[in-house]
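[1] From the sequence below, what's the structure:
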Amino acid sequence: MGSNIISTLGAGSGIDTSSLVSSLVEVSKAPQEQRLDQKKESLDAQISAYGTLKSSLSELQNVLSPLGNNDTFNARSVAFPETTVITPDSLDADAQTGSYQIEVTQVAQAQSLATSTVSDPDADMSKSGTLTIKFGTWTYDGSDNPQSFALNDSKSALNIAVESGDTLNDLAEKINDEDSGIQATVLKVGSDYQLMLTAPSGEANALEITSDDASLSEFEFNASNYASVTETQQGEDAKLKVNGLELTRETNSIEDVIEGFNFTLNKASVGENINFSIENDKSVGEQAVRDFVEAYNTFFETANNLTGFTRDEDNKVVRGSLATDSSAKLVINRVRDMLTGAVPGLSNDISSLTNIGIRTQIDGSLEIDEDDFSAAFKDNYDQVEALFATQVSSTNSNVSVTVGSYAQDTVAGTYSATVTADPAKGTISANAITATGFASGTDDFSPSLDTSAGDYSFKVSIDGTESDTITLTGTYSSAEDIRSELQTLINGDSKLKSAGAAVDVAYDSATDSFSFTSRTYGTSSAVSFTEAGTDIGGLGIATNLTGTSGSNAAGTIDSKTAFGSGEVLLPELGSSPYGLNLTVREGATASGSFSITFTHGLAGEISNLIDDFLSSTGTIAKREERINSDLSDIETDREELETRMTAYQARLTSQFQAMERIVSSFQSTGNQLDGLNDRLPFTASKN
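    Next up, the predicted model:
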């Protein structure tokens, strides 16, 4: 039965026009909708395929990471015997190979000092002033009492300000906050408490403690006052023999005897020799190369399935989702081309994979020729390393080159360079020493110079930071003693330490004067005296001294003016060698023109290429953006199709409604004609 209005009223054609319209619309819509569905399915498959391609590239890049690390090719192995005398801690890549014999004759120990006991460590000590703690070496009398102290000027002095209200715990905390290596601990001894100070291990790290206030005298440990402090352990160096050579070290953690091999001394064992050897471990580098070949073949198989034609289990040809995608094929071809070509910047006999027996097969995969591969690792291991890992070098022994943060964009190659100005540190020379008792031409004072009786205070500015007031208060028998004290006190100043500013103090016997040199290079490096006490002038220190500021290194790299900052030279921004950092030492100008060479290595070149492909502006991202744009267009096309079909349905409905009205009109007219003859006049009917 018809569902239109006219049919419902019992008139019209009796045709189900609503169903007919729907069918006509569906017939018109179906092929267009199918086309959009197929296009969307294809685009979705491409997006998924690109996700697989990106994942495969990332996995290949992960394998490249160790391959591009020089440490992989400098791996070492150590054959170390079981022993309780020494514990091997770590073996670095590039450790010094060889056979070694070690005998431990003494282990290092730290000096420990214990102060007088107190009943409450949180009670106000009722003390104030400054405790000065210095590092150095004690000489003892026959009863192990401290007799004389030789200052260790490589360590800065500590100035601990004790304030009214401070407790013993507060004092310990202040000492620990200095982060000097001194460990301050408040220990409970019976029912009382005492402060234990433990110095860093080593004979030259023992402590001398003085104060500027009598209330703090019970914490003093020096040649003239040590009665209130007990030295529970003296500082001693570790002593050992390495292949017969006698050595001493401040600590039992030995890191600088055998390069790259760190070990700990546990106990002395005179006469016991520990024998071991450190050897090259080429197997680590070899395995890294094999892992790369395997990873590339996996990548290539995945990529080939995505961009080529394969057969499924039923032997039917299956076209990859990216078989017609030129961008995907470009990515794969670029990686393949890099594997078959020479590594940029290399001029060795080994400059490509084929030189070490890794060759491309007909199907595009890599295969290892074991004979050539083994020969390369055996005879030309250094060149194998250079083939894969980053290499950087300089022909100027006073210029070292390192890889900076932007080295990814550095173009591999050899570049000419010159250093036109060595870097310099700020320095100032004091006047000649005129203090009473100083013997000109020597460094001796006779009698000793007692600085506690005068005003031997000063302030110094280093690299733009001014110190607090620094005061000499000791008694000195030589200029060397004063030099060491000046360096220790200056570098121990809290303001200078916070700013990272420090000096090296030297004494010149030819001029009977001290000089003060900043430890930093560059135009900001400078030393000056801003205040000088009445008596410090006798040691040549004055505010009217004229110093010399430091200067930056200067030169050219790749025939372009380099940027100098302190001892560092940087290539011109955007130039081919930009990303390399040159560290210039004094004397570099004497070498004239020199060259620097840089290569990313095969691993670096491929990794950089993958980075470009995977970047937010790379080939893959642009292609995915285009595909997503096409997907958005499909949704727009669907909306437009729906709009057209709605209009088409409305038009058909209108047309059929018009037809129904015509048919209804015909039916009405027919009904009106029924019995017309009987109603006509003058018409007789037969009986």
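[2] where in this structure is pLDDT low?
    Across the chain, the ranges flagged by pLDDT under 70 are 1-14, 312, 666-687.
[3] Looking at it, which helix is longest?
    When secondary structure is assigned using DSSP state H, the longest helix within the chain turns out to be helix 619-673.
[4] Quick one: distance of that helix to the chain centre.
    If you compare the mean C-alpha spot of helix 619-673 with that of the full chain, they lie 63 Å apart, counting by C-alpha atoms, centre = their mean, to the nearest Å.
[5] For the closest residue to Thr210 other than its chain neighbours, give the beta-bridge partners.
    In this structure, Thr210 finds its nearest non-sequential neighbour in Thr132, 5.0 Å apart by C-beta to C-beta, 6 or more residues apart in numbering. Backbone N, C-alpha and C define where each C-beta goes, glycine included. When bridges are taken as DSSP bridges, the partners of Thr132 come out as Asn159, Thr210.
[6] which residues touch Thr132?
    Thr132 makes contact with Ala157, Leu158, Asn159, Ile160, Ile209, Thr210, Ser211, Asp212 under the criterion C-beta atoms under 8 Å, 6 or more residues apart in numbering.
[7] show me what contacts the first one?
    By C-beta under 8 Å, 6+ apart, the contact list for Ala157 reads Thr132, Ile133, Lys134, Phe135, Thr488, Leu489, Asn491, Gly492.
[8] Next one: it from Ile470, what distance?
    10 Å (C-beta to C-beta, to the nearest Å).
[9] Could you pull out the residues contacting both of those two?
    Residues touching both Ala157 and Ile470 comprise Leu489, with contact defined as C-beta under 8 Å, 6+ apart.
[10] got a winner among the contacts of Thr132 for most neighbours?
    Going through the contacts of Thr132 with other C-beta atoms under 10 Å as the criterion, the one with the most neighbours is Ala157, at 24 neighbours.
[11] could you pull out the strands for the stretch 51-200 of the chain?
    Under the criterion DSSP state E, counting those that start in this stretch, strands of the stretch 51-200 of the chain are mapped to 76-79, 86-91, 98-106, 110-114, 129-140, 146-151, 158-162, 183-189, 192-201.
[12] all helices for the stretch 501-650 of the chain, in order.
    In the stretch 501-650 of the chain, helices defined by DSSP state H, counting those that start in this stretch lie at 601-614, 619-673, listed in chain order.
[13] So which of these is the most surrounded?
    By mean neighbour count, with neighbours taken as mean count of other C-beta atoms under 10 Å, helix 601-614 ranks first of the helices of the stretch 501-650 of the chain at a mean of 21.
[14] Number of residues surrounding Tyr406?
    Residues near Tyr406, counting by other C-beta under 10 Å, number 14.
[15] ditto for the one 3 residues further on
    If you count neighbours by other C-beta under 10 Å, Asp409 ends up with 10.
[16] Would you mind listing the residues in contact with it?
    Taking C-beta under 8 Å, 6+ apart, we find Asp409 in contact with Tyr578, Gly579.
[17] now it: how far from Arg334?
    The gap separating Asp409 from Arg334 is 17 Å, by C-beta to C-beta.
[18] With distance to Glu246 as extra columns, can I get the strands of the stretch 51-200 of the chain in CSV?
    Formatted as CSV, the strands of the stretch 51-200 of the chain follow (distance: least, C-beta to C-beta, whole Å):
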stretch, distance to Glu246
strand 76-79, 23
strand 86-91, 16
strand 98-106, 8
strand 110-114, 22
strand 129-140, 18
strand 146-151, 21
strand 158-162, 33
strand 183-189, 30
strand 192-201, 19
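[19] what are the ranges of the strands in the stretch 451-600 of the chain?
    Along the stretch 451-600 of the chain, counting by DSSP E, counting those that start in this stretch, strands occupy 457-462, 465-466, 470-471, 475-478, 503-508, 513-521, 527-532, 554-557, 560-561, 563-565, 568-570, 580-584, 594-599.
[20] Show me which positions of the helix or strand Ser277 falls within end up buried.
    Assessed by DSSP states H and E, Ser277 sits inside strand 274-280. Applying a neighbour-count criterion of 16 or more other C-beta atoms under 10 Å, the buried positions in strand 274-280 are Ile274, Phe276, Ile278, Asn280.
[21] And that strand, what does it pack against?
    Counting contacts by 3 or more C-beta pairs under 8 Å, 6 or more residues apart in numbering; DSSP states H and E, the secondary-structure elements packed against strand 274-280 are strand 76-79, strand 98-106.
[22] returning to that earlier point: and the strands of the stretch 451-600 of the chain as CSV, adding distance to Asn169?
    Output for these, formatted as CSV (distance: least, C-beta to C-beta, whole Å):
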stretch, distance to Asn169
strand 457-462, 32
strand 465-466, 32
strand 470-471, 29
strand 475-478, 34
strand 503-508, 35
strand 513-521, 35
strand 527-532, 35
strand 554-557, 54
strand 560-561, 58
strand 563-565, 45
strand 568-570, 45
strand 580-584, 45
strand 594-599, 56
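[23] Select, out of the ones you listed, the one closest to Glu624.
    Comparing the strands of the stretch 451-600 of the chain against Glu624 with C-beta to C-beta, the closest turns out to be strand 594-599 (32.4 Å).
[24] Check the offset of the closest one from the chain's centre.
    Averaging C-alpha positions (C-alpha atoms, centre = their mean) puts strand 594-599 23 Å from its chain's average.
[25] buried sites along that strand?
    Of all the residues in strand 594-599, those buried under the rule 16+ other C-beta under 10 Å are Phe594, Ile596, Thr597, Phe598, Thr599.
[26] among the helices and strands packed on strand 274-280, which is nearest Arg638?
    Across the helices and strands packed on strand 274-280 (criterion: C-beta to C-beta), the nearest stretch is strand 76-79, sitting at 64.9 Å.
[27] Buried residues, the closest one. List them.
    Across strand 76-79, burial judged by 16+ other C-beta under 10 Å covers Arg76, Ser77, Val78.
[28] strands paired with that strand, and their directions?
    Strand partners for strand 76-79, identified by DSSP bridges, are recorded as strand 274-280 (antiparallel).
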